[in-house]
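Trainee: when you get a sec, could you give me coordinates for this:
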Amino acid sequence: MRHIGVNTWVWTSPLNDEALRGLAPKIAGWGFDTIEMPVENPGDWAPDAARTLLDDLGLSATVVLVMPPGRELVRADAGTVTSTQDYLRSCVDVATKVGSPVIAGPAYTSVGRTWRATDVERKHDIIELRENLGPVLDHAKQAGVTIAVEPLNRYETSLLNTVNQTLEALAGLPSCGVALDFYHQNIEETDIPAAIRAATGRIAHVQVCANDRGTPGRDHLDWRAMLTALDDAGYDGPLCIESFTAHNASIATAASIWRPLATSQDDLAADGLAFLKSLL
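Mentor: Numbering: from 1, shown residues only. Model (predicted):
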């Protein structure tokens, strides 16, 4: 049985030690295998304490990186690039401590930053991304962690929107894979199962939710076709439910969550888990 996880963003942001102590037992009690923990800023939560807590509950961990304004690897000054590299290296260190094999997210520019680019300018942007991501990948390789780079929808970035764009941009880079998020793929891919199969051997992490970022299964997505494609692509990692609460002002604004996406956040997680288990 494939493992199923859930991101703590379903309930809170930023994650801290107190919130994790409250959420982790509930998540384990519902029957999840994995808890996905965002590192919005290093030090928000203690990795060593988290590892002990999760081990006691029988939960594994995945780590997601966060790219707010000011974290940039492309079209940015040297100081901004350096601080972003330092942040990403710290995420790798956190992943090592909690036992996560990946750090996943848009490790290229801040979410919401877009620009128009000619073909020549885009090629230069990709070269810059590869050069500036390189030192972080070196650190990740030494730590045994994969950086799973996530393409986002057109409203959140103009650099990497599709799986093929991401594969082409990161071709040949060591310790680097692709993170798939069904929410973004539903917007950008004309054939989601085909896009998944195109990433065979490169898929390092998968996040799932309904097409409106709500409960998996309460939507129009062809879940059986997508999960079959993941099997065909050789991905055997967890499926992590990623959604957001409308009751936290900062995260609701950042993720454009203007209405509740389920009867409750607990129901979103528990009902999504039950649906995924029924398919698997």
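Trainee: now for the lengthiest helix in the chain, which elements pack on it?
Mentor: The helix of greatest length in the chain, counted in residues with DSSP state H as the criterion, is given as helix 119-143. Helices and strands touching helix 119-143, by 3 or more Cβ pairs under 8 Å, 6 or more residues apart in numbering; DSSP states H and E, are helix 78-98, strand 146-149, helix 163-169, strand 176-181. Glycine gets a C-beta too; all of them are placed from N, C-alpha and C.
Trainee: how much does the first one deviate in direction from helix 119-143?
Mentor: It stands for helix 78-98. With axes from the mean of the first three to the mean of the last three Cα atoms, to 10 degrees applied, the angle from helix 78-98 to helix 119-143 works out at 40 degrees.
Trainee: so what touches helix 78-98?
Mentor: With contacts defined as Cβ atoms under 8 Å, 6 or more residues apart in numbering, helix 78-98 is touched by 37, 39, 42, 47-48, 50-51, 54, 61, 63, 65, 70-73, 76, 100-103, 107, 132, 135-136, 139-140, 143-145, 147.
Trainee: among those residues, which ones are buried?
Mentor: Neighbour-count burial (16 or more other Cβ atoms under 10 Å) applied to those gives 37, 39, 47, 50-51, 54, 61, 63, 65, 71-73, 76, 100-103, 107, 132, 136, 139-140, 143, 145, 147.
Trainee: ok, the residue in the chain sticking out farthest from the centre to Ile126 distance?
Mentor: Taking Cα atoms, centre = their mean, the residue of the chain most remote from its mean C-alpha position is Val120, at 29.1 Å. Here the distance between Val120 and Ile126 works out to 11 Å (Cβ to Cβ, to the nearest Å).
Trainee: check Ala252 too.
Mentor: The spacing between Ala252 and Ile126, counted by Cβ to Cβ, is 33 Å.
Trainee: give me the local confidence score for Ala148.
Mentor: Model confidence at Ala148, given as pLDDT, is 98.
Trainee: now do Met1
Mentor: Listed pLDDT for Met1 reads 82.
Trainee: what's the spacing between the one helix or strand in the chain whose mean pLDDT sits lowest and its chain's center?
Mentor: Within the chain, judged by mean pLDDT, DSSP states H and E, the helix or strand with the poorest mean is helix 249-254; its value is a mean of 86. Distance of helix 249-254 from the chain centroid (Cα atoms, centre = their mean, to the nearest Å) equals 17 Å.
Trainee: what helices or strands is the next helix-or-strand element following that helix leaning on?
Mentor: Scanning forward in sequence from helix 249-254, with DSSP states H and E defining helices and strands, the next element found is helix 265-279. Helices and strands touching helix 265-279, by 3+ Cβ pairs under 8 Å, 6+ apart, are strand 4-7, helix 17-30, helix 223-232, strand 239-241.
Trainee: what's the closest of the ones you listed to Thr157?
Mentor: Taking Cβ to Cβ, strand 4-7 is the member of these nearest to Thr157, at 19.2 Å.
Trainee: list the neighbouring strands of the closest one plus their orientation.
Mentor: The sheet places strand 4-7 alongside strand 34-39 (parallel), strand 239-241 (parallel), with pairing taken from DSSP bridges.
Trainee: now do the longest one and helix 17-30, the angle between them.
Mentor: To tie it back to what came earlier, the one meant is strand 34-39. Computed by the same axes, to 10 degrees, the angle between strand 34-39 and helix 17-30 is 160 degrees.
Trainee: now do strand 34-39, average pLDDT.
Mentor: In this model, strand 34-39 has an average pLDDT of 98.
Trainee: offset the numbering so it begins at 17, please.
Mentor: New numbering, starting at 17: the last item is strand 50-55.
Trainee: leaving out chain neighbours, which residue sits closest to Val55?
Mentor: The shortest distance from Val55 to any residue that is not its chain neighbour, by Cβ to Cβ, 6 or more residues apart in numbering, is 5.0 Å, and that residue is Cys107.
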